[in-house]
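K.L.:
Kindly generate the corresponding structure for this input.
(chains A and B)
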Amino acid sequence: MTAVLDRAEARSAEAWPDAIFDILKRADVRQVAYVPDGGHARLIRAVQAEPSMKAIALTTEEEGLALLTGASLGGERGVLLMQSSGVGNCINMLSLVKLTRTPILILVTMRGEFGEFNPWQVPMGSTTQAALALMDIQVLRTSSAAEVPEVVQAGANMAFAGGTATAVLLSQRLIGAKVFSK
Amino acid sequence: MSSFQFERRAAVARLLGDRGDTVVISGLGSATYDLAAAGDTDRNFYLWGAMGGAAVMGLGLALARPDVPVLVLTGDGEMLMGMGSFSTIALQAPRNLTIAVLDNGLYGETGGQPSHTGAAHGAARTDLLAVARGCGIGDARHVTDEAALDALAARLRDGGDGPCVALIPVDPAEAERVLPLRDAVLMRGRTRVALGLEAGV
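P.N.:
Reported below is the predicted structural model:
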């Protein structure tokens, strides 16, 4: 298990999570809610170390939508980090985001779409984008480290300047397929 | 377990009698009607859906505004759907967040089916206060008389050492429905203005 986690972290130990962190900091994001994912591990650590941000661990992803609706009611910007399987957990709670027109940014690390070893990730990973679109969440996607800053910045602008709830999908090709050691 | 039960409208009116600047978020169904019956203000946010989200929405607000008392007023059915919220709230430990669960032991909105907290289940019933304590909520209290309700109202205003979960047993009789605002953009905007913010974005 440790070996698996180490490898997941090694792959994400590139510059793009740091670029995301810088964008969130500049956007004055104060609440960062998450269900952990290997692809987000480096970003979560950066958030935990940043005094102006609250890192909020969730037990399930839909909590994050209600949490950030409350945060925005009180004037704090929020971002929700999750893995693609978590999008399925969010569907009904997205009603709250839609009806309140709460500007939130959702950053989704993708599983089940590119070289996935675990078939249990595929049903939700292959329908993540459609599920978000069905609930009126705008979806951007990026597959290369070089374009991550531009795409995440675009999502942050749509959410926090435009008030449009937006999800950015960080593709499995970017993050790397998880390697299971036997 | 005490068998004392409050009349829900009287309990909510008494709890909110001296609410000051408290923002109240109500869970869908009877709790929303109860909050409306106690009097509409810009600091009321009524949920009509998003079942299971009330407590953790209160958490987000409480963290954003530590200067403002936040009350989540909800029912046993809504709270059962969001029990993981107790764990999430305990880790953040906001002192200004109070969650009051009006427990009638049934789903009043859908025909009165017994909920998991219902006394009819005997030893198999879910004890929401034990759940809250098990999730790390230090102040989990059973409100069994009017003195305890007044103490909860004081805690709501003044805050505490951490978050508080209170279980208020209420009579299962349905009260007359009082239907408040359903436009969530309007509710969000008016509460934000009341908190000194711009209405939008």
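K.L.:
Look up the closest residue to B:Ser87, ignoring the ones flanking it.
P.N.:
Closest residue to B:Ser87 apart from its sequence neighbours, by C-beta to C-beta, 6 or more residues apart in numbering or on different chains: B:Cys135 at 4.4 Å. Bear in mind the C-beta positions are built from the backbone N, C-alpha and C, glycine included.
K.L.:
Look up the pLDDT of the one you found for me, please.
P.N.:
According to the prediction, B:Cys135 has pLDDT 98.
K.L.:
What about the closest residue to B:Pro169 other than its chain neighbours, how many residues nearby?
P.N.:
Spatial nearest neighbour of B:Pro169, chain neighbours left out: B:Gln5 (4.8 Å); criterion: C-beta to C-beta, 6+ apart. When counting by other C-beta atoms under 10 Å in any protein chain shown, one arrives at 17 neighbours for B:Gln5.
K.L.:
for the one 10 residues further on, same thing?
P.N.:
Neighbour count of B:Leu15, defined by other C-beta under 10 Å: 27.
K.L.:
Next: A:Ala49.
P.N.:
Number of residues near A:Ala49 (other C-beta under 10 Å) recorded here: 10.
K.L.:
repeat for A:Lys25
P.N.:
14.
K.L.:
Kindly report the same for B:Ala175.
P.N.:
Neighbour tally, B:Ala175, other C-beta under 10 Å: 17.
K.L.:
one step back: gap between the residue nearest to B:Pro169 and B:Ala119?
P.N.:
Note on B:Gln5: its distance to B:Ala119, by C-beta to C-beta, to the nearest Å, is 10 Å.
K.L.:
B:Thr98 too?
P.N.:
With C-beta to C-beta as the criterion, B:Thr98 and B:Ala119 are 25 Å apart.
K.L.:
Neighbour count: these two, which is higher?
P.N.:
Neighbours were counted for B:Thr98 and for B:Ala119 using other C-beta under 10 Å; B:Thr98 has more, 28 against 12.
K.L.:
which residues touch the more buried one?
P.N.:
B:Pro69, B:Val70, B:Leu71, B:Val72, B:Leu152, B:Arg155, B:Leu156, B:Pro163, B:Cys164, B:Val165, B:Ala166 (C-beta atoms under 8 Å, 6 or more residues apart in numbering or on different chains).
K.L.:
Just the helices from chain A, written as ranges.
P.N.:
A:2-12, A:15-26, A:41-48, A:61-73, A:84-89, A:94-100, A:122-125, A:128-134, A:148-156, A:172-175 (DSSP state H).
K.L.:
So, low pLDDT: which residues of the chain?
P.N.:
Chain wasn't specified; assuming chain A. A:1-14, A:181-182 (pLDDT under 70).
K.L.:
think we crossed wires, I meant chain B
P.N.:
Along chain B, the model assigns pLDDT under 70 to residues B:1-2.
K.L.:
The same query, at a cut-off of 90, please.
P.N.:
B:1-4, B:174, B:201 (pLDDT under 90).
K.L.:
tell me which parts of it are close to chain A?
P.N.:
Neighbours of chain A within chain B, by C-beta under 8 Å from any C-beta of the partner chain: B:23, B:25, B:45, B:47, B:49-54, B:56-65, B:68, B:82, B:84-85, B:87-88, B:91-92, B:184-185, B:187-188, B:191-192, B:195, B:197, B:200-201.
K.L.:
For the residue most central in space within chain A, name its beta-bridge partners.
P.N.:
For chain A, A:Leu107 is the residue whose C-alpha lies nearest the centre (C-alpha atoms, centre = their mean; 2.1 Å). According to DSSP bridges, the partner residues bridging A:Leu107 are A:Leu81, A:Val168.
K.L.:
For chain A, what lies in contact range of chain B?
P.N.:
For chain A, the residues in contact with chain B (C-beta under 8 Å from any C-beta) are A:30-31, A:54, A:56-60, A:62-63, A:65-76, A:78, A:92-93, A:95-96, A:99-103, A:160-163.
K.L.:
Recalculate using a threshold of 6 Å.
P.N.:
Proximity of chain A to chain B is confined to A:54, A:58-60, A:63, A:66-71, A:73-76, A:93, A:95-96, A:99-101, A:103, A:163 under the rule C-beta under 6 Å from any C-beta of the partner chain.
K.L.:
now these: which count as buried?
P.N.:
Neighbour counting with 16 or more other C-beta atoms under 10 Å in any protein chain shown marks A:54, A:58-60, A:63, A:66-71, A:73-74, A:76, A:93, A:95-96, A:99-101, A:103 as buried within the residues of chain A next to chain B.
K.L.:
and the nearest residue to B:Ala119 once chain neighbours are set aside, how many neighbours does it have?
P.N.:
Leaving out its chain neighbours, the residue that sits closest to B:Ala119 by C-beta to C-beta, 6+ apart is B:Gly105, at 5.9 Å. By the criterion of other C-beta under 10 Å, B:Gly105 has 22 neighbours.
K.L.:
A:Gly125 touches A:Val108, doesn't it?
P.N.:
No - using C-beta atoms under 6 Å, A:Gly125 is not in contact with A:Val108, being 9.8 Å away.
K.L.:
Compare these two (neighbour count), which wins?
P.N.:
Each of A:Gly125 and A:Val108 has its neighbours counted (other C-beta under 10 Å); A:Val108 has more, 29 against 24.
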